[in-house]
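A.B. asks: I need the structure of the sequence given here:
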Amino acid sequence: MNKREEKIDVAKATARYIRISPTKVRRILNLIRGKDLNTALMLLEFMPHRPCKVILNLLHSAVCNAENNFGVSRGDLFISKNYVNQGPVLKRVRPRAQGRACAIKKPTCHITIELGSYS
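C.D. replies: Coordinates of the predicted model:
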């Protein structure tokens with residue numbers, strides 16, 4: 001049988017209320033979806049984008065969950081699902097000229113990564 005035919009969902013990790021725009025995180029998650037663990041770790045390690053550090057920490061957490069809770073080895077893991085949801089928006093006020101004020105919206109997001117196993 002082909003390795004891709006016997007997929008099993010194993011572990012999950014979620015990071016909530018991360019102070020990054022969901023659009024920027026989604027761009028990175030689309031690149032690593034479906035990749036095996038070593039390839040995804042290498043991509044995240046060397047990409048210069050800000051969300052990569054958060055996603056890398058979350059991926060390490062999901063790998064530890066798979067190893068400790070289910071006894072799966074690192075070599076059998078791949079990213080089966082990953083998605084980002086919009087969190088609450090922090091609203092701030094910035095003073096402007098002539099006594100006016102503008103609203104500043106600081107978006108947050110919730111990132112979820114699910115790992116699968118080939119065996």
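
A.B. asks: residues touching the residue most central in space within the chain, list them.
C.D. replies: Nearest to the mean C-alpha position of the chain, by CA atoms, centre = their mean, lies residue 55 at 4.1 Å. The neighbours of residue 55, taking CB atoms under 8 Å, 6 or more residues apart in numbering as the test, are 25, 28-29, 32, 44, 111, 113. Backbone N, C-alpha and C define where each C-beta goes, glycine included.

A.B. asks: Mean confidence (pLDDT) on the one helix or strand it maps to, please.
C.D. replies: Using DSSP states H and E, the element containing residue 55 is helix 51-70. Averaged over helix 51-70, pLDDT sits at 95.

A.B. asks: Check stretch 21-39 too.
C.D. replies: 95.

A.B. asks: What are the buried residues along that stretch?
C.D. replies: Neighbour counts over stretch 21-39 (16 or more other CB atoms under 10 Å) mark 21-22, 25-26, 28-29, 32, 36-37 as buried.
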